[in-house]
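> no FASTA, just this:
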Ligand SMILES: [Zn+2]
């Protein structure tokens with residue numbers, strides 16, 4: 001038996017947090033807002049004209065020096081990894097992170113403040129199933145700096161990480177299964193750390209204006225300098241795991257796999273995120289197109305239009321590709337961005353209206369009935385639509401396979417049909433339709 005799918009989640013309400021940004025030292029107000037299913041996580045620059053948003057996607061990655069920066073056009077958001085880690089690890093798939101600066105507040109250098117913020121906002125389930133990336137074959141990335149990340153198949157999201165500083169000082173190892181509770185307790189409080197020899201040149205150049213012992217641990221030789229003592233004996237490796245979670249959130253899908261990381265850094269993490277996204281694109285490209293048979297047992301557009309009275313823009317079936325039996329057939333509709341309904345449904349966010357999918361099912365079912373009754377001198381009218389479910393959004397570029405089966409036809413006037421629409425091998429909508437036929 002198939003288990004119920006995991007659902008997408010967003011935050012329950014808006015929650016805000018203010019503080020100082022690390023690189024510019026400016027005051028910043030961050031607000032976390034709920035967002036609809038399939039929205040993903042987007043950053044919004046409230047301080048700029050038109051308030052541009054940037055998708056937290058690997059395609060928008062700009063730089064990985066010391067922190068992860070994303071951007072679109074000339075707009076940038078720096079140091080996104082800690083807030084992303086908190087959102088992702090605590091189960092938030094969709095949210096708007098609004099800021100009035102180019103960087104979130106650095107807090108104490110950990111993700112604690114963001115984890116608290118997510119809890120304050122609450123996490124609520126949405127209707128759509130979560131998107132996953134299942135690791136099927138081992139993948140790996142390596143960098144010249146000695147970072148190595150291996151991704152292995154696993155039914156959970158796990159990270160096993162080894163961290164070591166210059167001359168292998170402070171070598172630490174930790175292996176965890178990333179869950180909201182584990183993250184909150186064991187990972188979120190782990191602070192950023194820097195080795196003195198690495199930050200001295202930056203401090204000299206005044207590149208980290210907001211930086212202080214308040215928001216990072218500084219390691220000088222064997223000494224650990226920080227405002228408060230270490231929160232964990234292995235705090236450094238925990239922070240490395242935090243950064244991996246945040247950087248891999250840029251994949252935009254939940255990863256089912258085991259990350260084995262040796263001396264990871266933002267550059268290597270981003271490389272892995274890129275490899276995963278490439279693999280996902282390859283998989284989708286293989287899954288999407290299908291050979292649509294022509295001629296033979298189906299009906300072409302012309303024949304469909306001889307049977308159905310519907311015309312543009314209300315003809316919702318391009319072709320019938322096969323009749324399995326007299327009472328069962330499959331129609332196909334290719335949805336393009338030129339569909340008139342996309343103009344208003346919705347501007348900037350095109351989704352095919354569910355009711356039009358029901359209409360498509362009704363049209364395919366009527367073809368069955370007209371063929372059975374061997375007449376086209378009638379028009380079908382909807383009497384009811386039951387068990388209607390919309391499972392996934394239908395987007396421009398999708399090809400809908402409309403399956404219809406007549407389950408009951410009383411006389412030649414009344415019919416019942418069980419229908420569903422399929423895109424990329426997944427059911428996107430379904431309904432049980434009843435209609436009556438009246439003479440034209
Ligand atoms: Zn970090």
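Structure received. On a predicted model such as this, the values are computed, not experimentally measured, just so you know.

> Test my guess that residue 34 contacts residue 97.
No. In terms of CB atoms under 8 Å, residue 34 does not count as a neighbour of residue 97; the distance is 11.6 Å. Every residue, glycine included, has its C-beta placed from N, CA and C.

> higher neighbour count, the two?
Each of residue 34 and residue 97 has its neighbours counted (other CB atoms under 10 Å); residue 97 has more, 24 against 19.

> The more buried one - nearest residue in space that isn't next to it in sequence?
Computed as CB to CB, 6 or more residues apart in numbering, the closest residue to residue 97 that is not its neighbour in sequence is residue 43, at 4.9 Å.

> Going by secondary structure, the one you found is in what exactly?
Using DSSP states H and E, residue 43 sits in strand 41-45.

> other SSEs contacting that strand?
Helices and strands touching strand 41-45, as assessed by 3 or more CB pairs under 8 Å, 6 or more residues apart in numbering; DSSP states H and E, comprise strand 53-55, strand 75-77, helix 81-89, strand 95-99.

> returning to what we had before: give me the beta-bridge partners of the residue nearest to residue 97?
Using DSSP bridges, the bridge partners assigned to residue 43 are residue 54, residue 97.

> do residue 434 as well
In this structure, residue 434 has the following beta-bridge partners (DSSP bridges): residue 384, residue 416.

> That one touches residue 410, doesn't it?
No. Checked against CB under 8 Å, the pair residue 434 and residue 410 is beyond contact range at 10.1 Å.

> higher neighbour count, those two?
residue 434 (17 against 9).

> Which strand or helix spans the closest residue to the ion within the stretch 201-350 of the chain?
Closest approach between the stretch 201-350 of the chain and the ion, counting by CB to the ion: residue 243, at 4.2 Å. Assignment of secondary structure by DSSP H and E places residue 243 within helix 235-248.

> how far is that helix from where the chain is centred?
21 Å (CA atoms, centre = their mean, to the nearest Å).

> and what of stretch 362-381?
Stretch 362-381 has its average C-alpha position 40 Å from the chain's average C-alpha position, going by CA atoms, centre = their mean.

> Stretch 192-199 too?
Its chain's C-alpha centre lies 34 Å from the corresponding centre of stretch 192-199 when counted by CA atoms, centre = their mean.

> Could you do stretch 130-149 as well?
When C-alpha coordinates are averaged (CA atoms, centre = their mean), stretch 130-149 and its chain have centres 18 Å apart.

> So is stretch 226-239 next to the ion?
No. Using CB under 5 Å from the ion, stretch 226-239 stays clear of the ion, with a minimum separation of 5.7 Å.

> Quick one: residues in contact with that stretch.
110, 161-163, 165, 170, 172-174, 186-187, 189-193, 213-214, 216-218, 224 (CB atoms under 8 Å, 6 or more residues apart in numbering).

> So what would you say the end-to-end distance of it is?
For stretch 226-239, the first-to-last residue distance is 15 Å (CA to CA, to the nearest Å).

> For that stretch, list every residue counted as buried.
Along stretch 226-239, these residues count as buried under the neighbour rule (16 or more other CB atoms under 10 Å): 226, 232, 234, 235, 236, 237, 238, 239.

> Could you pull up the contacting residues of the residue of the stretch 201-350 of the chain closest to the ion?
Neighbour list for residue 243: 81, 82, 85, 264, 265, 266, 269 [criterion: CB under 8 Å, 6+ apart].

> try it again with 10 Å
Residue 243 makes contact with 67-68, 81-82, 84-85, 111, 161, 190, 192, 261, 264-266, 269 under the criterion CB atoms under 10 Å, 6 or more residues apart in numbering.

> Could you find the residue nearest the spatial middle of this structure?
The centre of the chain sits closest to residue 252, judged by CA atoms, centre = their mean, with a distance of 4.1 Å.

> so where's this structure uncertain?
Of all residues in the chain, those with pLDDT under 70 make up the ranges 1-4, 206-213, 285-296, 375-376, 411-412, 440.

> for the ion, what are the nearby residues on it?
The chain comes close to the ion at residues 192, 243, as judged by CB under 5 Å from the ion.

> coming back round to it: list the contacts of the residue nearest to the centre of the chain.
When contacts are counted by CB under 10 Å, 6+ apart, residue 252 is found next to 40-41, 55-59, 88, 93, 131, 133, 273, 276-277, 280.

> Could you do residue 439 as well?
Counting by CB under 10 Å, 6+ apart, residue 439 makes contact with 375, 377, 378, 379, 413.

> I figured the last one was touching residue 434, is that so?
Put plainly, it is residue 413. No. Contact between residue 413 and residue 434 fails when scored by CB atoms under 10 Å: they sit 11.4 Å apart.

> Please report the distance of residue 171 from residue 101.
The spacing between residue 171 and residue 101, counted by CB to CB, to the nearest Å, is 36 Å.

> out of the contacts of residue 243, which are buried?
Buried by 16+ other CB under 10 Å: 67-68, 81-82, 84-85, 111, 161, 190, 192, 261, 264-266, 269, out of these.

> Might you specify the subset of these located within strands?
With strands identified by DSSP state E, the entries of the buried ones among the contacts of residue 243 that belong to them are 161, 261.

> on that earlier part again, ChimeraX command for the buried members of the contacts of stretch 226-239?
Here is the ChimeraX command that picks out the buried ones among the contacts of stretch 226-239, judged by 16+ other CB under 10 Å:
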select :110,161,162,163,165,170,172,174,186,187,189,190,191,192,193,216,217,218
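
> Show me the contacts of stretch 226-239 that map onto helices.
Within these, membership in helices is found for no residue, as judged by DSSP state H.

> Now do the buried residues in stretch 93-112.
Buried, per 16+ other CB under 10 Å, within stretch 93-112: 93-112.
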